[in-house]
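[1] here is a sequence together with a model predicted from it:
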Amino acid sequence: NINEIAKAHRIKVEDLEWYGAFHNTTHHPHIHLIIFSKGQEGFLSEKGIKELCRSLGQDIFRDEQYKLATIETGYRNQLKEQLADLLQQLQTRQSVPNADYYLFLLRKIRDEVQQQKGKKLYGYLPRKAKKLVDFALHEIAKDSDLSEIYSKWNEVNREKLSLYYDTKDKPDVPIEKNSELRSLKNMLIRTVLSMNFNAQIAVNTARIGYLFSMLAKQIVSSAGKRLDELNRMMPLPDSKERDKIREKKLAHGLKEGADSSGVNEEVYDSQAAEGILPMLDYLILLGNQDSSQDAQEEPVSSENEYDFDNAYAEYLNDTDDGLYEDDTDDEDEYYGMSM
């Protein structure tokens with residue numbers, strides 16, 4: 001590690017001198033290391049200290065790092081899969097909590113990115129567009145499934161980092177500021193650029209056919225049950241009784257064949273429809289959903305506008321910590337086994 005030590009201290013390797021002592025204590029084995037330059041050059045910055053700790057930690061705890069990094073990579077892949085599923089559900093207008101707000105954010109990104117020239121990748125976007133993408137990821141990551149997975153990723157990452165420095169008082173990095181998860185931002189950008197916000201959602205014809213089939217069966221079943229009830233309530237009269245009924249009808253001026261059974265047809269109709277109406281309601285709902293999606297984009301609701309304006313203004317007040325400086329690579333982050 002002599003080269004890494006020299007680099008961190010900004011000292012030429014040929015000028016580097018060091019002295020060390022190893023203390024093999026039972027509870028805390030450690031070393032004391034003194035580094036200096038024969039030419040009195042170099043200095044150790046805070047960044048250099050972190051790089052040195054990382055380099056030494058990776059070498060000393062290589063096996064532990066590998067195991068934790070493998071688990072961490074698994075959670076990172078889960079994050080990508082979950083976000084992809086969520087975006088797919090939004091594209092097909094499936095039932096998703098806060099779907100209207102998420103679609104509003106995605107449309108905001110689309111409008112902003114389409115104005116930019118050059119590559120439509122996060123690293124090439126101007127500061128304003130990057131902030132918008134970050135904010136959208138920040139908000140969408142509040143989804144319960146995404147939040148749970150990212151929490152697990154942070155637990156493993158914290159344990160990995162603790163191998164070479166104290167992470168007890170270090171807060172978790174917000175997902176949108178995590179350099180290892182930049183691919184999530186590019187996923188958002190790719191999605192909004194290929195997403196048809198005007199698309200009508202096609203009704204599944206097979207599903208409709210199935211519903212109509214079930215509806216017909218329900219009608220037949222309801223009618224059959226009601227007919228059985230009527231037959232039990234009104235046993236068929238014999239021939240003498242039928243003659244008497246016919247004579248009474250004629251005496252009262254009723255045509256032969258007119259129904260004077262006294263059965264309340266309205267009650268029958270109401271009861272027979274009990275199992276049918278829910279299906280009819282569902283079919284009508286599908287029809288309304290299909291017809292309501294025309295070629296015009298849905299207007300932005302004032303509620304979404306209000307939520308966005310307030311939340312985005314608050315988000316912009318946060319410090320950037322140099323996140324947007326010198327950041328123009330067009331590839332997704334390198335997923336190595338080391339930090």
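    Sure thing, it's come through.

[2] ranges for the strands of the chain?
    Chain-ordered strands for the chain, with DSSP state E as the definition, fall at 16-23, 30-37.

[3] shaky segments in the chain?
    164-165, 199-214, 224, 227-228, 230-242, 245, 249, 251-306, 319-339 (pLDDT under 70).

[4] care to break it down by domain?
    Following automatic domain parsing, the chain resolves into domains at 2-60, 63-201+311-316, 205-292.

[5] most tightly surrounded among the ones you listed?
    Per-stretch averages of neighbours, counted by mean count of other Cβ atoms under 10 Å, single out domain 63-201+311-316 among the domains of the chain, with a mean of 16. Bear in mind the C-beta positions are built from the backbone N, C-alpha and C, glycine included.

[6] that one: end-to-end distance?
    One end of domain 63-201+311-316 sits 41 Å from the other (Cα to Cα, to the nearest Å).

[7] ditto for stretch 10-17
    Stretch 10-17 end-to-end distance (Cα to Cα) = 13 Å.

[8] where do the helices sit along the chain?
    Remark: helices assigned in the chain by DSSP state H are 2-9, 46-60, 62-91, 99-114, 127-140, 144-161, 182-194, 205-233, 239-251, 265-272, 277-292, 302-316.

[9] ok, which of these comes nearest Pro174?
    Smallest distance to Pro174 across these (Cβ to Cβ): 6.3 Å, for helix 127-140.

[10] who are the packing partners of that closest one?
    helix 99-114, helix 182-194, helix 302-316 (3 or more Cβ pairs under 8 Å, 6 or more residues apart in numbering; DSSP states H and E).

[11] picking that back up, now distance to Ser194 too, for the strands of the chain, in TSV please.
    Conversion of the strands of the chain to TSV gives the following (distance: least, Cβ to Cβ, whole Å):
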stretch	distance to Ser194
strand 16-23	53
strand 30-37	53
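
[12] picking up where we left off before, out of the helices and strands packed on helix 127-140, nearest to Lys225?
    helix 99-114 (40.9 Å).

[13] could you say what helices and strands the closest one packs with?
    Helix 99-114 packs on helix 62-91, helix 127-140, helix 182-194, helix 302-316, going by 3+ Cβ pairs under 8 Å, 6+ apart.

[14] export those helices as CSV, with columns for distance to Arg246.
    As requested, the helices and strands packed on helix 99-114 are exported to CSV (distance: least, Cβ to Cβ, whole Å):
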stretch, distance to Arg246
helix 62-91, 67
helix 127-140, 77
helix 182-194, 76
helix 302-316, 70
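
[15] for the closest residue to Gln89 other than its chain neighbours, grab phi and psi.
    Excluding the flanking residues, the one nearest Gln89 by Cβ to Cβ, 6 or more residues apart in numbering is Val96, at 5.0 Å. Backbone geometry at Val96, expressed as degrees, to the nearest 10, gives phi -130, psi 130.

[16] that concludes my questions; thank you for your assistance.
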